Each structure stands twice: as structure tokens, then as C-alpha cells.
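**Student:** Take this sequence and fold it.
(chains A and B)
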Amino acid sequence: MSLLIALLASTLFISNAMKDEYNKIISTYPDIVITNQKALRDSTIDENEVNKLLAIEGVSSAVPRVWGNYYFLNADKKFLILGKDEFETYPNPLLNENLDIKNHSMLISLGVKKILDDNYYHNYFNFIESNGSIKKMQIQSLLNTKESLKNPLVIIMNKDDAQEIFQYSKNEVTDLAVTVVNRSEVAFVATKIRILFPSAKVSIKKDLRVFYENVYNLRSGFFLTVFIITFFTFFIIIYDKVSGLNSEQRYEIGILKALGWRVGDVLSAKLYEGLIVSLFSYILGISMAFIYVYLLNAPYLKDIFLNNYDLIGDFKIVFSVDYNTLSLLFLLSVPIYIAATIIPSWRVATLEADEVMR
Amino acid sequence: MIKLNNISKIYEKNVVALDNVSLWFKEGELVVLKGVSGSGKSTILSLIAGLVKPTTGEVLVDEKKISKIPDHFVSQYRQKNIGFIFQKYNLISSLNVSENILLPLVPLNLKRSECKRRLESVLKQFSIEDKRDTLVKNLSGGEQQRTAIARASINSPKIILADEPTANLDEKLSLEFIKILKDLKSQNKTIIVATHDPLFFNLDFVDRTIEVNNGKIIS
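**Tutor:** Purely as a prediction, here's the structure:
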């Protein structure tokens, strides 16, 4: 029973952590993102297009962003590189901190630091550009622990350096992030932008939310499978208990009745027994799930929910206590187990002791 | 005084265990019910203990019709009046000696100190003090029986019922049991033993021997 609760709790904890993570990511997104398209694939866009955007009524800000993933072959890891321009205000709070980044230097998260240390890059790192040339970047400092937990493999550098690593030309940027004054007008503004940039892809926050929810729901399919299997197993155990006590348990109740125990005495003993067993199983199962998910970061099970191409990448499950999940698991395990203990005992205890012991 | 008036007991599938039997037992008396297996001896004990109800007739203990009262009150009657020693001892194998002996006290909600006092008393009386923490499944046959007797005695019942108490014992242990029985009789307990063991038939402290056969009293 403890193992079943642990499995169920683990899947619920991971599922909740993913949902939280998606919500956090979405909250940092701008209202509208414009990317160029070439052969229906995302391509760079000219940062001077920002001026056209700012001319649209209702747009409060338009920021050219340089960002992308860098694959580090030796460690088989992807780093998220964010380019920062000191004069821009970004929708992402991480880039709006007072970060003084020197040229040809970078700020790295603790996760990146560990990977670089493992590969003997203690003070600098050599990025290999797409044309094969090497760009040496100094490690200026570490991001704080809080940001490192949120963004395990992130690197922040000046926009110019990021453009060089991605082999962008001077005016090329990854996308344009637009903020709209009135949130209810986002769709209307997006339509205006589509007219202005017919070949570009215009994504609004709502679409991104739907996209993330679809990804989440796909993962939830795995979760649902685990959930159904676990509950099926649990109810088979319960059904087995409810459908009748074994001969030894019947005999014990017969003995107790022959010794002068009343039906109520038998039932209260069984209540305590069921309560102790189920509470112990519940606490043990939840503890196992906490250790597995939050201390060990859910090896294997997490891989079922996430994969290498997942949008939230190599995320660390952040500890949180969700009382709704704990209550749900409690209600689905403890009272049901107690009922499954008491009902068959009551059936036997109401028979004549002699009949039970025969 | 225990009285069985015109008792018949018919189990499922029309198995007649007792056929119009009338019996009485005086207080402080030791009576042996003898007869072959299936003769109806155990059913007489079960009726007196209130473990079964008669099909017809009535069982009276101290003028109370225990065969007519509801199950809840029969349990209370057993708690106060009956100590039952079963043929297979009926100990709970997952519990130790002390826990088994204390079982009849659980519904009484006695103080811990009182339970302990009674436990120490019966452990000493039946010489099983050194086995108090041993699981009953690890005891010898004689030790299991002494545990069963201690459990039957812990409530200080007026009536001791023993169903084939020596069936699983060798002669030496059977004689030990008979000695215990003599001690219990000296405490003025009413003792009824159902047995077909010849060791019981010529004991000087046995008041009466009643022969049962095919659900009827022969002598």
C-alpha cells in the first residue's frame, strides 16, 4: 500500500511541479512575439522593425531579443543563452536585474558552472560558432541561487556577444517582444501586426498558453495511465479485503467473541488496526514520494513526463507542499482502507462465535 | 446453578447435536462429560457459554435465561462468568503469552495497574512467568495449554468449561493439567470438562461423570 501511495504521490508531485513551471514560464512571456519565417521555419528578424511596431496604437513597448540554445557536445547539454542590451527593458525579470555585464564576459547559473567545471572550464569557455571559429568568453560571475534554481542552464551575456555566437549580423535578432497597454486589445494589436508583417509568425501569449497546455496534457496522458494502473491495483487489494476475511482472521474474531468481546469491541479493535496500518502506509508512502521527487529529482519517472525537446528543459523540481494533493491522497487511501477492514469484520463479528470458529 | 431444560440443538443440514437433553450443575461442582467424538459434549459446553443458542429448550445460569438474551448481553455474561479452555487452546499465534492472557480484559476497560496485577497473578499460578514475552506459536503443547488456562482464569470466572483439554497432551502433561483442575476446584469454581480421556474417569475429586451419546444422556 505504501508503494502504491508513493507512486501515485510521485506522479502527482511531478505533474504539479510541471504545471507550476509552465505557469511561471508563461508569466514571463511578452504579450506578443514576432518571429520571421523562412520555409516555414523560424528565422531571424531585423531589429529595426521595432520602429514599425512602436507606431501601432496600443503598443507600449517593443524589444528586439537575442536568445537561443547552445549545444555543448562534451556534456551533451543545452545551454540557454540570453543576450542583454543595457538600454532595453525586457519582459523577462531575469534580464531586468541590475546586471553589469562586461564585453566578452558572461553570467552563468550554478548548473552551467558545474558542467563547465567538470570539463575544466573554470574561468572561461570557448563557444564554437557555426562557421567553426571559436569565441572565448570569460566567466564574470554566477547568477544568484534563486535564479539558478529557476533557470538551471542559463547564460546571460551582452547582446553583441550573443549575436556573434549565433552568427547573426549586426541588426539580426531572434524575435521581437511586444507589450500591449490594454490586455484585452492583444488580439486586435496582433491582427494589425500580421497585416504589417505578412510573412512573420505572430504569437500571442494566449496561443502560447494553449501550446504549453497541450504539451502538459500530453504528459498528463502518461500521468493518467500511471494513475489508473495504480488505482486499479489499489482497488483490487481493497476488493480482496472487502470480499472476505481469510480463515485465520475469521477464527481470531471467533476467539475474541468466545472470550467475551462484543461486536463493538471487535469493530473498535479493527478500526484502530486499520487506522494504524493505513496512516503508517500513508505517511511512509508520502515520505518516500517526497524523497524520490524532491531529494532525488524523480529519476526515470521524470523522464516519462519530460524529454530532451521539452520546452522547460532540464528543470529541477522545486520543493513545495500542495495540501490539496496530500488531502486527495489521504481521502483515497486511509478511509477506504479502514472501511475495507471494518466491513468484513463486522459481517463476521455479528455471527455466532461457535459458527465462526467451526 | 446451571440448568439445561429440554435442550435440542440442530445444526445446518439437519445434524442433530442434542436431542431433548435436561441437565443441571451445582455451584463448585466438577463434572466430567464423557462420550465419543460427535456425541454432543462440546455443544453442551457451547450452550452454557452462550456461544450457540439452542434450537428448542432453555439454558439457565443463576436463574437467568442466557439462551434468550441478545448477543450483546451474552458477551457481557461470558466476560463475567465463563472461562473457556478450548481443545486446540485457540490462542492467537501472532500475539505473545501476556497479550493472549490479557485479551478477556480488553472490553472491561480496567486500569493498567489492575490488568498488570491480574496478569502477574495468573502467570505465577500457572508457572509461565518466564514465557510472558514468548510468541505462543513458539511454546510447547503444555505451555500453550497453561496459557489457555491462565487466559480462562484471568477474569476470575465462576464457571470453567474445558473442551477435550488433554487431547493434544502426553500423559505427563495431562496429569499436570488434572492437578491444575484440582486447584481450581479448591477455589470453589464450577468446572465442566468434556473429554473421552480415561484419565478423568476415576479421579477422587470429580463429583459426577455424565455419559453423552448421540445427543442424549446415557447415565
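**Student:** What residues does the stretch 251-358 of chain A have near chain B?
**Tutor:** Residues of the stretch 251-358 of chain A lying near chain B by Cβ under 8 Å from any Cβ of the partner chain: A:251-252, A:255-263, A:265, A:269, A:350, A:352-355, A:357. In short, each C-beta sits where N, CA and C put it, glycine included.
**Student:** which of the residues you listed count as buried?
**Tutor:** A:251-252, A:255-263, A:265, A:269, A:352-354, A:357 (16 or more other Cβ atoms under 10 Å in any protein chain shown).
**Student:** who's residue A:108 bridged to?
**Tutor:** Assessed by DSSP bridges, residue A:108 has beta-bridge partners residue A:142, residue A:155.
**Student:** how much space between it and residue A:99?
**Tutor:** Residue A:108 sits 12 Å away from residue A:99, going by Cβ to Cβ, to the nearest Å.
**Student:** Any chance you could list residues touching both of these two?
**Tutor:** residue A:156 (Cβ atoms under 8 Å, 6 or more residues apart in numbering or on different chains).
**Student:** which one of the two has more residues nearby?
**Tutor:** Between residue A:108 and residue A:99, counted using other Cβ atoms under 10 Å in any protein chain shown, residue A:108 has the larger neighbour count: 25 against 15.
**Student:** Next one: the more buried one from residue B:131, what distance?
**Tutor:** Distance check for residue A:108 against residue B:131: by Cβ to Cβ, it reads 70 Å.
**Student:** ok, now residue B:3?
**Tutor:** Look at residue B:3 and residue B:131: by Cβ to Cβ, they are 39 Å apart.
**Student:** More neighbours: which of these two?
**Tutor:** Neighbours per residue, other Cβ under 10 Å: of residue B:3 and residue B:131, the larger number sits with residue B:131, 21 against 17.
**Student:** quick one: contacts of the helix or strand harbouring residue A:251?
**Tutor:** Counting by DSSP states H and E, the element that carries residue A:251 is helix A:247-258. Outside helix A:247-258, the residues that touch it by Cβ under 8 Å, 6+ apart are A:245, A:265-266, A:269, A:345, A:348-349, A:353-354, A:356-357, B:49, B:51, B:75, B:78, B:84, B:86, B:90-92, B:103.
**Student:** need the next SSE after that helix, C-terminal direction.
**Tutor:** Downstream of helix A:247-258, the next assigned helix or strand under DSSP H and E is helix A:263-290.
**Student:** what angle sits between that following helix and helix A:247-258?
**Tutor:** Relative orientation of helix A:263-290 versus helix A:247-258 (axes from the mean of the first three to the mean of the last three Cα atoms, to 10 degrees): 140 degrees.
**Student:** Figure out how far helix A:263-290 is from the centre of its chain.
**Tutor:** The chain centre lies 32 Å from the centre of helix A:263-290; the measure is Cα atoms, centre = their mean, to the nearest Å.
**Student:** before we move on, what about stretch B:161-181?
**Tutor:** Counting by Cα atoms, centre = their mean, stretch B:161-181 is centred 12 Å from the centre of its parent chain.
**Student:** Enumerate the positions of it that are buried.
**Tutor:** By neighbour count with 16+ other Cβ under 10 Å, stretch B:161-181 contains the buried residues B:161-166, B:169, B:173-174, B:176-178, B:180-181.
**Student:** Point out the other helices and strands that the helix or strand where residue A:229 lies packs with.
**Tutor:** Secondary structure assigned from DSSP H and E places residue A:229 in helix A:205-242. Using 3 or more Cβ pairs under 8 Å, 6 or more residues apart in numbering or on different chains; DSSP states H and E, the elements in contact with helix A:205-242 are helix A:2-27, helix A:186-196, helix A:301-305, helix A:323-349.
**Student:** Which one of the ones you listed has the poorest average confidence?
**Tutor:** If you rank those by mean pLDDT, helix A:301-305 sits at the bottom with a mean of 70.
**Student:** Which single strand of chain A contains the most residues?
**Tutor:** Longest strand in chain A, counting residues (DSSP state E): strand A:59-72.
**Student:** Let's see that strand as PDB, backbone CA atoms only.
**Tutor:** This file holds the C-alpha atoms of strand A:59-72, laid out as PDB (Å, rounded to 0.1, in the frame of the first residue of the first chain):
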ATOM      1  CA  VAL A  59       1.700  49.000 -28.200                       C
ATOM      2  CA  SER A  60       3.500  50.100 -25.000                       C
ATOM      3  CA  SER A  61       6.900  48.600 -25.800                       C
ATOM      4  CA  ALA A  62       8.700  46.600 -28.500                       C
ATOM      5  CA  VAL A  63      12.000  44.900 -27.700                       C
ATOM      6  CA  PRO A  64      14.400  43.100 -30.100                       C
ATOM      7  CA  ARG A  65      15.600  39.900 -28.300                       C
ATOM      8  CA  VAL A  66      18.600  37.800 -29.000                       C
ATOM      9  CA  TRP A  67      18.400  34.400 -27.400                       C
ATOM     10  CA  GLY A  68      18.800  30.700 -28.300                       C
ATOM     11  CA  ASN A  69      20.200  27.400 -27.300                       C
ATOM     12  CA  TYR A  70      23.800  26.300 -27.500                       C
ATOM     13  CA  TYR A  71      24.600  22.600 -27.600                       C
ATOM     14  CA  PHE A  72      27.700  21.700 -25.600                       C
END
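**Student:** Next, the angle strand A:59-72 makes with the very next helix or strand once past that strand.
**Tutor:** Sequence order places strand A:77-84 as the next helix or strand after strand A:59-72, per DSSP H and E. In terms of direction (the same axes, to 10 degrees), strand A:77-84 departs from strand A:59-72 by 150 degrees.
**Student:** Sheet-wise, list the partners of strand A:77-84 with their directions.
**Tutor:** Strand A:77-84 has the following strand partners under DSSP bridges: strand A:59-72 (antiparallel), strand A:154-158 (parallel).
**Student:** which residues are in contact with the first one?
**Tutor:** Think strand A:59-72. Contacts for strand A:59-72 (Cβ under 8 Å, 6+ apart): A:30, A:45, A:47, A:50, A:53-54, A:77-83, A:85, A:88-91, A:115, A:119, A:127, A:155, A:159, A:162-163, A:165-166, A:168, A:173-181, A:189.
**Student:** That strand - what's its average pLDDT?
**Tutor:** The model assigns strand A:59-72 a mean pLDDT of 90.
**Student:** Over to the shortest one?
**Tutor:** Strand A:154-158 carries an average pLDDT of 90.
**Student:** Now the stretch 101-250 of chain A against chain B: closest residue?
**Tutor:** Nearest residue of the stretch 101-250 of chain A to chain B, counting by Cβ to the nearest Cβ: residue A:248, 8.2 Å away.
**Student:** tally of neighbours for that residue?
**Tutor:** Neighbourhood size, residue A:248 [other Cβ under 10 Å]: 10.
**Student:** Same question for residue B:77.
**Tutor:** Neighbour tally, residue B:77, other Cβ under 10 Å: 18.
**Student:** same question, residue B:46
**Tutor:** Residue B:46, neighbours per other Cβ under 10 Å, totals 24.
**Student:** Need the three-state assignment for it.
**Tutor:** helix (DSSP: H, G, I helix; E, B strand; the rest coil).
**Student:** Now do the contacts for it.
**Tutor:** Going by Cβ under 8 Å, 6+ apart, residue B:46 touches A:354, B:52.
**Student:** And the pLDDT for residue 44?
**Tutor:** Unless you meant another one, I'm taking chain A. 90.
**Student:** Can you look at chain B instead?
**Tutor:** On pLDDT, residue B:44 comes in at 93.
**Student:** what do you get for residue A:256?
**Tutor:** pLDDT at residue A:256 comes out at 90.
**Student:** Mind listing residues that contact the helix or strand encompassing residue B:193?
**Tutor:** Secondary structure assignment for residue B:193, by DSSP H and E: strand B:190-195. The contact list for strand B:190-195, computed with Cβ under 8 Å, 6+ apart, reads B:2, B:25-35, B:41-42, B:44-45, B:48, B:158-167, B:181, B:184-185, B:200.
**Student:** No further queries at this time; thank you.
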